[in-house]
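**Student:** Take a look and give me a structure for this.
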Amino acid sequence: MNDAKKLLLVAAATAALGLFTGAATVRADTMTGTLIDNMCGDKKADEAAAAKHTAKCAMKEGCADSGYQIIVGDKHYKLDDAGNAKAKEYLKDAKSTKVTVDAKMEGEKLTEVASIKAADAEEKK
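**Tutor:** Got it, this is the predicted structure:
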């Protein structure tokens, strides 16, 4: 095998490995948890504590301006800007902050939020 073919083979293998490792850090997810603003959510240890927080508080200007997160168990997943806009829209008429979110997870951040729905409505299906 000549040097050009070896170089091409190594380059292709490296590119394929890069694609594989990149795909491992971003995945599509559906999760159910409690929707809360970041200002209040950062003070909550877990989902049980967050569940006591009201949608009305999350809609207050200062709270809403801090952005939103979903707390699942003791894990906090912050939303990106587009997700924050969907969270505000959801909270306008929300009867519950227990939600199911379809999004992509990048580390501990949710991006490309496709939907935020009341978890109760999802569970009844």
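**Student:** rest of the way, CA atoms for contacts and neighbours
**Tutor:** Fine.
**Student:** what sits against the residue positioned nearest the centre of the chain?
**Tutor:** Closest residue to the average C-alpha location of the chain: Leu110 at 2.4 Å, with CA atoms, centre = their mean. Leu110 sits next to 77-80, 83, 103-104 when contact means CA atoms under 8 Å, 6 or more residues apart in numbering.
**Student:** 7 Å instead, please
**Tutor:** Leu110 sits next to 77-80, 103-104 when contact means CA atoms under 7 Å, 6 or more residues apart in numbering.
**Student:** where does the protein have low pLDDT?
**Tutor:** 1-2, 4-27, 121-125 (pLDDT under 70).
**Student:** The same query, at a cut-off of 80, please.
**Tutor:** Filtered on pLDDT under 80, the chain yields the residue ranges 1-28, 120-125.
**Student:** Produce a ChimeraX select command limited to the buried residues of the contacts of Leu110.
**Tutor:** To isolate the buried members of the contacts of Leu110 in ChimeraX, using 16 or more other CA atoms under 10 Å:
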select :77,78,79,80,103,104
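**Student:** Among the contacts of Leu110, which lie within strands?
**Tutor:** Under the assignment DSSP state E, these contribute 77-79, 103-104 to strands.
**Student:** element containing the residue nearest to the centre of the chain, please.
**Tutor:** strand 109-118 (DSSP states H and E).
**Student:** what comes up buried for that strand?
**Tutor:** So for strand 109-118, counting by 16+ other CA under 10 Å, buried means 109-111, 113, 116-118.
**Student:** which one among these gets closest to Ala87?
**Tutor:** Of all the buried residues of strand 109-118, Ile116 has the smallest distance to Ala87: 6.8 Å, by CA to CA.
**Student:** List the contacts of the residue lying closest to that closest one once chain neighbours are set aside.
**Tutor:** Spatial nearest neighbour of Ile116, excluding adjacent residues (CA to CA, 6 or more residues apart in numbering): Val101 at 4.6 Å. Each residue near Val101 by CA under 7 Å, 6+ apart is listed here: 30-32, 115-117.
**Student:** same thing but 10 Å
**Tutor:** Shown in contact with Val101 (CA atoms under 10 Å, 6 or more residues apart in numbering): 29-35, 70, 83, 87, 110, 113-119.
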